[in-house]
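>>> Structure for this input, please:
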Amino acid sequence: MFVDPLCPECWALEPILKKLRIEYGQYFRIRYILSGQLSSLNITTKRKQEDLAQKWEKTASRSGMSCDGSLWIDNPIDSPYIASFAIKAAELQGKHSGIRFLRFLQERLFLQKQDISNFDVLKECAKEAKLDLNEFMNDIHSYSASKAFQCDIKITTEMEVDEIPTLVFFNENIEDEGLKVTGLYSYEVYVHIIEEMLTMKPEKKPLPALEDFMKYYRLVASKEIAVVYDLSIEEVEKQMKKWTLQQKVKKIPAKHGTFWRFIAE
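The predicted model follows:
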């Protein structure tokens, strides 16, 4: 999966990825590749910032995964590549650490309008992702993180990925060409691709109880719950309002859509 921490469409793909992982996770592994596309842009010009703000707002209202475009007007990010180095530094502590760290980074960027090239923000994300903080701060500036990021950029170029998000599906036969899927599609499209790749009908795992899902992911959008559990946004909000009264979840208002934080017992 080719991603960029600053890409609102990658954020919009989160609900579908969650559902795929839960139902068919036993059939695939995801490898994240940082495309570096937004990192290399010169986004310091006012015009560019206004364009990005507009793009974010459009994506948010279309996808239901909130991202606040006013960040680019109020608190623009001037060194976007630092976030990519930070993700690679987190990955040096394990693949899952990298994925967790990326999610925290996205939450701070899209929901809280924080500058994810700021080292204090990166430190907070590392703490939340339960990383070894000293190791992480050393690794951000290390040759290893820089080399890992360069390696990702090389793969992006070699695979001719010029749009993000892009998913490239490979089966176990290394000789077979990968199947490249660019942009956002419905959940069924990705399931169909997995079926084609496996040349059989995969067995779908049952969904966990909603409370277990919330406990595991701790902060989720109404949209994520709706996609995973095939519910309407209204049905999700109704259930969450009940849980708010029972103090199981806390509502996190966002510019577009709503997020819910699970309150640990």
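
>>> CA atoms only for the lowest-mean-pLDDT helix or strand in the chain, dumped as CSV, please.
Lowest on mean pLDDT, DSSP states H and E among the helices and strands of the chain sits helix 46-63, with a mean of 86. What follows is helix 46-63, C-alpha atoms only, in CSV (Å, rounded to 0.1, in the frame of the first residue of the first chain):
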residue,chain,number,x,y,z
LYS,A,46,-0.2,30.6,-0.4
ARG,A,47,-1.9,29.3,-3.5
LYS,A,48,-0.7,25.7,-2.9
GLN,A,49,-1.9,25.9,0.7
GLU,A,50,-5.4,27.1,-0.4
ASP,A,51,-5.6,24.3,-3.0
LEU,A,52,-4.7,21.7,-0.4
ALA,A,53,-7.2,23.2,2.1
GLN,A,54,-10.0,22.9,-0.5
LYS,A,55,-8.9,19.3,-1.4
TRP,A,56,-9.0,18.2,2.2
GLU,A,57,-12.5,19.7,2.7
LYS,A,58,-13.8,17.9,-0.4
THR,A,59,-12.3,14.6,0.6
ALA,A,60,-13.7,14.9,4.1
SER,A,61,-17.3,15.7,3.1
ARG,A,62,-17.2,12.9,0.5
SER,A,63,-15.7,10.2,2.6
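
>>> Quick one: list the elements packing against that helix.
In this structure, helix 46-63 makes packing contacts with helix 8-12, helix 71-74, judged by 3 or more CB pairs under 8 Å, 6 or more residues apart in numbering; DSSP states H and E. Any C-beta I mention is one placed from the backbone N, CA and C, and that applies to glycine too.

>>> Which stretch among those helices is buried most, on average?
helix 8-12 (a mean of 23; mean count of other CB atoms under 10 Å).

>>> returning to what we had before: I'd like the helices and strands packed on helix 46-63 as a markdown table, with mean pLDDT appended.
Putting the helices and strands packed on helix 46-63 into a markdown table (pLDDT from 0 to 100) gives the following:
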| stretch | mean pLDDT |
| --- | --- |
| helix 8-12 | 93 |
| helix 71-74 | 88 |
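
>>> can you tell which of the ones you listed is closest to residue 167?
helix 8-12 (10.6 Å; CB to CB).

>>> Show me what the closest one is packed against.
Looks like helix 8-12 contacts helix 46-63, helix 95-110 (3+ CB pairs under 8 Å, 6+ apart).

>>> if we compare the ones you listed, which one ends up closest to residue 227?
The minimum distance between residue 227 and these falls on helix 46-63, with 10.2 Å, by CB to CB.

>>> Check which residues of the closest one are buried.
Neighbour-count burial for helix 46-63 flags 49, 52-53, 55-57, 59-60, 63 (criterion: 16 or more other CB atoms under 10 Å).

>>> Just the residues contacting that helix, thanks.
Defining contact as CB atoms under 8 Å, 6 or more residues apart in numbering, one finds that helix 46-63 is touched by 8-9, 11-12, 41-43, 65-73, 76, 184, 223, 255-257.

>>> Many thanks, I have nothing further to ask.
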